[in-house]
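Enquirer: For reference, the sequence and a predicted model appear below.
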Amino acid sequence: MDLSTFHSLMGGPLRSALSVLVSALLVTVLAIGLHRAGIGLLKKLAHGRPFTTNVTRVAFRASQLCVIVFGLRMVLAGAPDNTPGLVAVSHLASVALIIALTWLAMQCIKALSITISDIHPVDVADNLRARRLITQARVLTRSAHAIVVILGLAFVLLTLPGARQIGASLLASAGVAGLVAGIAARPVLGNFIAGLQIAFSQPIRIDDVLIVNGEWGKVEEIKGTYVVVRVWDERRLIVPLQWFIENPFENWTHSSSALLGTVFLWLDFSIALEPLRAELTRICESASQWDGRVCTVQATDSNERAVRVRFLISAQDSGLAFELRCIVRERMLAFITANFPHGLPRLRSPHDPIEVREMQAQNDSVSRYMA
């Protein structure tokens, strides 16, 4: 290559490429500066607005990339036609802009979900509405992410020169391929539709207390295809979304977190219930787990050997109800053992007769002594 050829190149394509490169660097620096200034101004204007504050924090990198790629795309649009590789670089810039916009849309959706979680905290006493909204937000966020990704991929494919030919060839074989794909994707589509049903009808919500296959646990997370249930012993049950649509299960916090708890004791026929009612009232009033609603003693069943006594109590949630049941069971057994020892169930036989009247008189004397 002689000097004349080199000078001709420097005055033509190479000079255009160099000018485009310098312009791209300047536009990148300018885009970063304008983006930071715009975000700073938006934060000041959005003071006290949760969504705008979250979106400026969560979507900062995505929005910055969008501004930079858009500036580069404008530089390439105004570049001379003799710039080397202009068509390929312009196509890459268009694809990058689509990907950046897709990422920005996903981050904005994520910021909306975070805002709903911040506005409606679940760590309060009455969190039913908060759990309902957060469940809807999380499930719909994942569905929206999937739709945005599919749309972004579709726009990227539309920029390919042979996309129409590929689409025509796929359309020609859509009969058999669609049938096979539908059968193969049936579990995925079923879980996706089940997720939408759960988001709107809400048989379960975040932090709901469930009984799944005999296991007691709380809904820890609702993913796109499955639900994570945290069992009381820190195990995790992974249950497909479609299972909750097709199978019955117990939800202890569907309409309210307040529950009734029961304690059953088998006692002798001679036991007096009035002292037990007074003792249960005293136990409930001294327990911080009791919510003050229900505190009763009832004889609910009997057989040839003993009578079944039910102690019915109430608490604000399932955890407190379990603790209160344990307290009532422990203290009532101690009370009966100490004050009514003949009231514990026993096996009667003709060789060891027991006079019920004598036991009743002894129980009455103990009751008077306690009074």
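Expert: In hand now; what should we look at? Bear in mind that the values here come from a model prediction, so they are computed numbers and not experimental data. Numbering: from 1, shown residues only.

Enquirer: Could you grab the helix/strand/coil label for the residue nearest in space to the middle of the chain?
Expert: For the chain, the residue nearest the mean C-alpha position is Glu221 (3.5 Å; C-alpha atoms, centre = their mean). State at Glu221, reduced to three classes by DSSP: H, G, I helix; E, B strand; the rest coil: strand.

Enquirer: and it, what does it touch?
Expert: Going by C-beta atoms under 8 Å, 6 or more residues apart in numbering, Glu221 touches Arg138, Ile206, Val227, Val228. (Glycine included, C-beta is placed from N, CA and C.)

Enquirer: quick one: the last one from Phe60, how far?
Expert: Same thing as Val228. 29 Å (C-beta to C-beta, to the nearest Å).

Enquirer: so where's this protein uncertain?
Expert: 1-15, 81-82, 122-128, 161-192, 348-363, 365-371 (pLDDT under 70).

Enquirer: All the helices of it, residue numbers only.
Expert: Along the chain, the stretches classed as helices by DSSP state H are 3-10, 13-45, 50-58, 60-77, 86-119, 128-158, 163-172, 174-184, 186-201, 241-246, 273-286, 318-339, 356-370.

Enquirer: what packs against the fourth one?
Expert: So the one you mean is helix 60-77. helix 13-45, helix 86-119 (3 or more C-beta pairs under 8 Å, 6 or more residues apart in numbering; DSSP states H and E).

Enquirer: how about a cut-off of 10 Å?
Expert: Here helix 60-77 touches helix 13-45, helix 50-58, helix 86-119, going by 3 or more C-beta pairs under 10 Å, 6 or more residues apart in numbering; DSSP states H and E.

Enquirer: now for the longest one, which elements pack on it?
Expert: Helix 86-119 sits against helix 13-45, helix 50-58, helix 60-77, helix 128-158, with contacts defined as 3+ C-beta pairs under 10 Å, 6+ apart.

Enquirer: Run the angle between it and helix 128-158 for me.
Expert: 180 degrees (axes from the mean of the first three to the mean of the last three C-alpha atoms, to 10 degrees).

Enquirer: Could you do the first one as well?
Expert: Per the same axes, to 10 degrees, the angle that helix 13-45 makes with helix 128-158 is 170 degrees.

Enquirer: and helix 13-45, which residues are buried?
Expert: Buried residues in helix 13-45, counted by 16 or more other C-beta atoms under 10 Å: Pro13, Ser16, Ala17, Val20, Ser23, Ala24, Val27, Thr28, Ala31, His35, Ile39.

Enquirer: and Leu273, what does it touch?
Expert: Listed by C-beta atoms under 10 Å, 6 or more residues apart in numbering, the contact set of Leu273 reads Leu267, Leu280, Val297, Gln298, Ala299, Val307, Val309.

Enquirer: try 8 Å this time
Expert: Counted by C-beta under 8 Å, 6+ apart, Leu273 has contacts Val297, Ala299, Val309.

Enquirer: Give me the ChimeraX select line for the residues you listed, limited to the buried ones.
Expert: Applied in ChimeraX, the following selects the buried portion of the contacts of Leu273 according to 16+ other C-beta under 10 Å:
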select :297,309
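
Enquirer: Turn the contacts of Leu273 into CSV, including distance to Leu65.
Expert: Formatted as CSV, the contacts of Leu273 follow (distance: C-beta to C-beta, whole Å):
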residue, distance to Leu65
Val297, 68
Ala299, 72
Val309, 70
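
Enquirer: The contacts of Leu273 in strands, which ones?
Expert: Val297, Ala299, Val309 (DSSP state E).

Enquirer: how close does Trp216 sit to Arg235?
Expert: 11 Å.

Enquirer: Looking only at neighbour counts, state which of these two leads.
Expert: Trp216 (16 against 10; other C-beta atoms under 10 Å).
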